[in-house]
Structures are given as C-alpha cells and as structure tokens.
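Visitor: Pasting the sequence and the predicted coordinates here, then a few questions.
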Amino acid sequence: MSKTKIVTPGEKLGVIEEYIPGNGTYEEDGKIFSSMAGELDLDAKNRTVSIVSKKTLIPEIGDVVEGIVVGMKEDVALVKIVGIKGKRPLTGDFSAQLHVSQVSKEYTKSIFDAVNLNDRILAKVTTGWIPYQLSIVDDELGVVYATCTKCGWELVLRKGKLYCTNDNISERKKISSLYLLKE
C-alpha cells in the first residue's frame, strides 16, 4: 500500500542528478524544491519530480494559454497568463516570458516585430517553472487581439495584416490564425 506524501512550498525534493524538475517545482543550485503545496509525484520511468495539486490549476508543459503582454524588452516579452485553453479558470496569476527566438520559424530581429504591450496572445507553455517560457511559433498561436500602439483603436485583420481603421496604418505582429477581429 503506497502512502501519499504531501509537500509544502520550498521543501527540498531532490537534486538534478536524480530527477528533472517538473510542474510545481523549481531548481536552485542543483537542488529541486517544491513551488507549491500538493502531492509529491516521483516518475521513476521519466526521472521527473512534480507536484500535483487537486485544488489549484497551474499551467503545464504543452498547455495552450491565453496571456496579456505586460512588459517588453528588445528580446523578450513579459506575459501575464490569464487562462488555459480547454480548462477551468486559473486559481492565481502566473508570469511568463516569450523570447524572440520562440515567435517564428523564421529569424525575428526584435520581439516588437511579433507582439506589443497589451496584446492578447495564445501561446504554448514550454517549461514547468515560473516564469513559464512560452512559444508562439505554431500557426494557431500568436496575437489574437490587439490595439493600435498610436491611438488605442482595435486592430482589424485585413489581407493578412493588422490595420487600424482610425489611423489607416498597419502594424507588424505574429498573428494567430484565430485572430478575433477579421474584415
């Protein structure tokens, strides 16, 4: 009869020589710690250690999440994850990063060529720790709603580009095939 072990945030779970950190864990100085309270899940076959919580819903590797771009640097966008596609609402705020190397199969010089502040995006989670790393390379991923950086008007998808009908300008973005406002 196996006994379930409950762990608390900050509890040491192992070392990276033994396990790969999974959902609900983080690595610091070669040691793996719990980032949340829940049941310890040691996967001997895949050599992973994770935390499973019945009460909270957190993003997992492979999940498609909806996020809002809340900060920008030349090579990275800071994203607040607000939902997981196909799952019940999240139980908290989760921060993520979208690196310029994860926006397209083609070379992209600047993150500003793909997203901008306040854009709503669909992205795939690629890591199981905070800040989550995101990718928008797939066709269905990318910007699903955006406003004009000049006037704040909603951008409309027209002939493969996002246009501001107020200023009559277009903006460069990595557009999702699921973009909401189409002409």
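Guide: Alright, I've got the coordinates.

Visitor: can we go C-alpha only for contacts and neighbour counts from here?
Guide: Will do.

Visitor: Sticking with residue 109, tell me its helix or strand.
Guide: Per DSSP states H and E: residue 109 is located in neither a helix nor a strand.

Visitor: gap between it and residue 75?
Guide: The gap separating residue 109 from residue 75 is 8 Å, by CA to CA, to the nearest Å.

Visitor: Give me the common contacts of those two.
Guide: Listed as contacting both residue 109 and residue 75 by CA atoms under 8 Å, 6 or more residues apart in numbering are residue 100.

Visitor: For the residue nearest in space to the middle of the chain, what are phi and psi?
Guide: The residue lying closest to the centre of the chain (CA atoms, centre = their mean) is residue 134, at 4.1 Å. When read as degrees, to the nearest 10, the backbone of residue 134 gives phi -120, psi 160.

Visitor: my guess is it contacts residue 95, does it?
Guide: No - checked against CA atoms under 8 Å, the pair residue 134 and residue 95 is beyond contact range at 10.3 Å.

Visitor: residues contacting residue 21?
Guide: 27, 32, 48, 49, 50, 128 are the contacts of residue 21 under CA under 8 Å, 6+ apart.

Visitor: how about the fourth one, secondary structure?
Guide: Under the three-state scheme (DSSP: H, G, I helix; E, B strand; the rest coil), the conformation of residue 49 reads as strand.

Visitor: Could you chop this protein up by domain?
Guide: Following automatic domain parsing, one finds the domains of the chain at 6-52, 64-171.

Visitor: can you tell which of those domains is closest to residue 58?
Guide: Distance to residue 58, taken as CA to CA, is lowest for domain 64-171 among these, at 6.5 Å.

Visitor: residue ranges with poor pLDDT in the protein?
Guide: By pLDDT under 70, the weakly predicted segments of the chain are 1-4, 54-56, 91-92.

Visitor: would you list the domains of the chain in JSON lines and tack on distance to residue 182?
Guide: Formatted as JSON lines, the domains of the chain follow (distance: least, CA to CA, whole Å):
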{"stretch": "domain 6-52", "distance to residue 182": "37"}
{"stretch": "domain 64-171", "distance to residue 182": "5"}
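
Visitor: hang on, the earlier thing: next, format the contacts of residue 21 as a markdown table and append distance to residue 8 and neighbour count.
Guide: A markdown table is the format used below for the contacts of residue 21 (distance: CA to CA, whole Å; neighbours: other CA atoms under 10 Å):
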| residue | distance to residue 8 | neighbour count |
| --- | --- | --- |
| 27 | 15 | 19 |
| 32 | 13 | 25 |
| 48 | 18 | 16 |
| 49 | 14 | 26 |
| 50 | 12 | 25 |
| 128 | 17 | 20 |
